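Sequence isn't available, so here's the structure alone:
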Ligand SMILES: N[C@@H](CCC(=O)N[C@@H](CS)C(=O)NCC(=O)O)C(=O)O
């Protein structure tokens with residue numbers, strides 16, 4: 001049975017990318033407050049939160065745990081413990097950056113612009129230089145190891161990261177996910193914000 005992804009864009013977006021990268025088909029669910037309340041009532045949400053992924057007879061919550069499970073299951077989690085811990089560090093750093101972007105659409109217009117500007121600043125001063133250096137130092141195709149393990153003008157000062165993004169985009173499963181009509185979500189718009197506010201009562 002295909003994994004069932006229960007979440008909107010937010011943190012569940014990463015699960016969607018990982019499943020797509022692994023070439024695993026998945027179904028999505030969770031559009032209404034009623035569905036969310038039923039999940040809570042049925043005891044499906046360990047701490048009352050999404051994302052939730054139903055897979056292999058389990059109901060998984062907590063982004064980090066979900067990602068670790070999916071990465072290990074689909075052989076995207078390095079070849080040993082040392083590669084794993086590096087993947088975890090890079091993933092957690094990226095999640096910290098993503099959190100700044102995920103909350104931005106829910107803010108008032110002025111604050112929203114400030115949040116995006118701050119996220120771009122943090123990306124360019126803190127995160128991208130780190131990833132650029134990793135790619136420079138180890139001279140391999142990916143951040144960890146030499147097998148698989150993202151427009152933008154914001155990457156223009158980071159040539160190795162830009163080439164990395166191109167390499168990643170050309171991996172067949174990701175290329176497919178980037179095509180129109182895939183399960184990739186569009187950038188958050190007013191409708192998305194309204195749905196999340198209704199479902200999660202933000
Ligand atoms: N530590 C959790 C946090 C999950 C989380 O913050 N979920 C939010 C949506 S992105 C949620 O379900 N909020 C509703 C609530 O807390 O009632 C994770 O990383 O998955």
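Looks like it came in fine. Every value quoted in this text rests on a predicted model; they were computed, and no experiment measured them. Residues are numbered from 1 along each chain as shown.

can you count the residues close to residue 5?
Residue 5 has 23 neighbours, counted by other C-beta atoms under 10 Å. Yep, even glycine has a C-beta here, placed from its N, CA and C like the rest.

in which helix or strand would I find it?
Residue 5 is part of strand 4-6 when elements are defined by DSSP states H and E.

Quick check: next helix or strand after that strand?
Per DSSP H and E, the first helix or strand lying C-terminal to strand 4-6 is helix 12-21.

Partner strands of the following helix or strand past that following helix and their direction?
Following helix 12-21 in sequence order, the next helix or strand is strand 27-29 (DSSP H and E). Counting by DSSP bridges, the strands paired with strand 27-29 are strand 4-6 (parallel).

is the strand it pairs with anywhere near the ligand?
No: with C-beta under 6 Å from any ligand atom as the criterion, the ligand is not reached by strand 4-6; the gap is at least 10.3 Å.

roughly how far out does that strand sit from the chain middle?
Centroid displacement of strand 4-6 relative to its chain, using C-alpha atoms, centre = their mean, to the nearest Å, is 14 Å.

Touching it from outside, list them.
Residues outside strand 4-6 that contact it (C-beta atoms under 8 Å, 6 or more residues apart in numbering) are 12, 15-16, 19, 26-30, 39, 50-55.

same for the helix ranked longest in the chain, what does it pack against?
If you go by DSSP state H, the chain has its longest helix at helix 81-102. If contacts are counted by 3 or more C-beta pairs under 8 Å, 6 or more residues apart in numbering; DSSP states H and E, helix 81-102 sits against helix 63-73, helix 109-122, helix 128-138.
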